[in-house]
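Student: need coordinates for the following:
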Amino acid sequence: MGNCICVIAEFRGANFRRVTFEVASEGRRIADSLGIGLCAVAVGSGVAARAAELGRYGVDKVFVRDDPALENYLAETYVPIVAEAVKMCDPAAVILPASVDGRDLGARLGARLRVTLVQDCVQIACEGGKIRAKWPIFAGKCFAWSDWSEGTLPLMSCRPNIMDCLVPDESRQAEVVMLDLPVPEARSSVKSIDMDTSGKVELSEAEIIVSGGRGMKEAGNFVMLEELAQVLGAAVGASRAAVDSGWRPHSDQVGQTGKVVTPNLYIAVGISGAIQHLAGMGYSKYIVAVNKDPDAPIFSKADYGVVEDLFKFVPAFKEEVIKLKSTCS
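Tutor: Numbering: from 1, shown residues only. Sure, this is the predicted structure:
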């Protein structure tokens with residue numbers, strides 16, 4: 001067995017992403033079950049100043065590589081550094097976020113370390129000193145448990161918004177170990193020229209998502225969903241039909257060929273409920289469906305259903321939310 005559980009942190013825009021705290025919290029639980037420590041690998045630009053904060057979520061030691069060239073994730077620069085840092089940790093298991101960047105990093109890290117990756121885990125258990133991971137198969141219709149043979153390194157990515165965060169201990173700080181690993185030269189012809197700084201809620205980490213489908217009829221009608229999302233503090237998503245019609249960018253797509261999301265509340269507006277879409281949001285804690293067709297498949301998955309014309313319901317619902325918030329403030 002290794003010396004610790006190792007988690008890979010995600011640092012973007014001068015802050016750790018929330019999924020990092022979820023992964024760290026899960027790593028702490030597994031480490032306590034095995035009676036070992038918890039370390040983290042943090043790579044980015046400006047990350048050194050924030051690295052000790054991971055101690056609030058149970059991390060004992062953080063291995064940090066801070067460099068301006070690491071401001072944005074790029075496989076050519078990140079993977080070699082993370083792989084070397086993981087080896088220094090001598091881990092019993094490695095856990096990272098199943099975010100957009102994390103999925104790419106996890107696959108490449110598994111290849112470099114020559115270990116098996118279990119992607120998009122929704123539960124991790126420790127039984128008899130052995131780690132097991134639960135992950136969705138067949139488009140989320142069922143789940144499988146996987147474990148690793150003796151002497152192999154478990155590598156797992158965790159779906160955002162699934163693992164519970166520990167209550168942060170503000171008095172706790174992690175030990176920071178600065179690494180002097182070389183930053184590989186990026187030879188990719190793809191360059192990052194613009195980053196979204198609009199302050200919108202990140203879809204994969206949102207606690208509330210309002211999604212629109214073919215029933216929205218045109219791109220301009222998504223304004224009403226954006227207004228509702230602003231009132232709720234939510235992110236706006238879309239079905240594949242809406243994205244294919246050019247009404248929303250692919251980054252907003254929820255589904256098997258888009259993003260898999262797990263919010264506390266998912267509001268599906270004008271979405272029929274094709275199996276491809278259900279695979280991307282079926283693990284939401286509560287699902288509310290709004291559709292004028294009472295036989296729409298989405299209702300079979302929804303916790304609450306509203307059979308109504310969305311163009312009547314959404315504005316009225318928004319006004320009621322505003323009234324409720326004003327009485328509570």
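Student: low-confidence ranges in the stretch 151-300 of the chain?
Tutor: 188-200 (pLDDT under 70).
Student: tell me which stretches of it form strands.
Tutor: Counting by DSSP state E, counting those that start in this stretch, the stretch 151-300 of the chain has these strands, from start to end: 155-158, 175-178, 208-212, 235-238, 265-269, 286-290.
Student: and the contacts of the last one?
Tutor: Strand 286-290 has contacts (Cβ atoms under 8 Å, 6 or more residues apart in numbering) with 264-271, 273, 281, 296, 298-299, 301-306, 308, 310, 313-314. Where you see a C-beta, it was placed from the backbone N, CA and C, and this is true even at glycine.
Student: and it, how far out from the chain's middle?
Tutor: Once both centres are worked out by Cα atoms, centre = their mean, to the nearest Å, strand 286-290 turns out to sit 21 Å from its chain's centre.
Student: which of the residues in it are buried?
Tutor: By neighbour count on 16 or more other Cβ atoms under 10 Å, the buried set for strand 286-290 is 287, 288, 289, 290.
Student: what is the subsequent helix or strand relative to the strand or helix carrying residue 105?
Tutor: Using DSSP states H and E, residue 105 maps to helix 100-113. With elements assigned by DSSP H and E, the helix or strand that comes after helix 100-113 is strand 117-121.
Student: give me the buried positions along stretch 97-107.
Tutor: Buried-residue list, stretch 97-107, by 16+ other Cβ under 10 Å: 97, 98, 99, 101, 102, 103, 105, 106, 107.
Student: oops, could you answer that again for stretch 301-309 instead?
Tutor: 301, 302, 305, 306.
Student: just the closest of the buried residues of stretch 97-107 to residue 41, please.
Tutor: residue 105 (10.5 Å; Cβ to Cβ).
Student: okay, the closest one: pLDDT?
Tutor: Note for residue 105: predicted pLDDT of 97.
Student: wait, what's in contact with residue 242?
Tutor: 212, 213, 214, 216, 222, 248.
Student: a markdown table for those, including neighbour count and distance to residue 173?
Tutor: Formatted as a markdown table, the contacts of residue 242 follow (neighbours: other Cβ atoms under 10 Å; distance: Cβ to Cβ, whole Å):
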| residue | neighbour count | distance to residue 173 |
| --- | --- | --- |
| 212 | 30 | 44 |
| 213 | 28 | 47 |
| 214 | 17 | 51 |
| 216 | 27 | 48 |
| 222 | 20 | 44 |
| 248 | 21 | 42 |
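Student: which of these sits closest to residue 204?
Tutor: Closest approach to residue 204 among these (Cβ to Cβ): residue 248, at 15.4 Å.
Student: hmm, residue 241 and the closest one touching each other?
Tutor: No. Judged on Cβ atoms under 8 Å, residue 248 makes no contact with residue 241 at a distance of 10.2 Å.
Student: follow-up on the earlier one: save the contacts of residue 242 as CSV, and put in distance to residue 23 too.
Tutor: Shown next, in CSV, are the contacts of residue 242 (distance: Cβ to Cβ, whole Å):
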residue, distance to residue 23
212, 31
213, 31
214, 36
216, 35
222, 32
248, 29
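Student: okay, and which of these map to helices?
Tutor: residue 222 (DSSP state H).
Student: list just the nearest of the contacts of residue 242 to residue 93.
Tutor: Among the contacts of residue 242, and counting by Cβ to Cβ, the member closest to residue 93 is residue 248, at 37.7 Å.
Student: what segments of the stretch 151-300 of the chain are helices?
Tutor: Along the stretch 151-300 of the chain, counting by DSSP state H, counting those that start in this stretch, helices occupy 222-232, 240-244, 275-281.
Student: what are the bridge partners for residue 132, then?
Tutor: residue 125, residue 147 (DSSP bridges).
Student: from residue 296, how far off is it?
Tutor: The spacing between residue 132 and residue 296, counted by Cβ to Cβ, to the nearest Å, is 37 Å.
Student: more neighbours: these two, which one.
Tutor: Neighbour tally, residue 132 and residue 296, criterion other Cβ atoms under 10 Å: the higher count belongs to residue 296, 21 against 18.
Student: now distance to residue 113 too, for the buried residues of stretch 97-107, in a markdown table please.
Tutor: Shown next, in a markdown table, are the buried residues of stretch 97-107 (distance: Cβ to Cβ, whole Å):
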| residue | distance to residue 113 |
| --- | --- |
| 97 | 17 |
| 98 | 17 |
| 99 | 19 |
| 101 | 18 |
| 102 | 15 |
| 103 | 16 |
| 105 | 12 |
| 106 | 11 |
| 107 | 11 |
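Student: return the member of those residues nearest to residue 227.
Tutor: residue 99 (27.5 Å).
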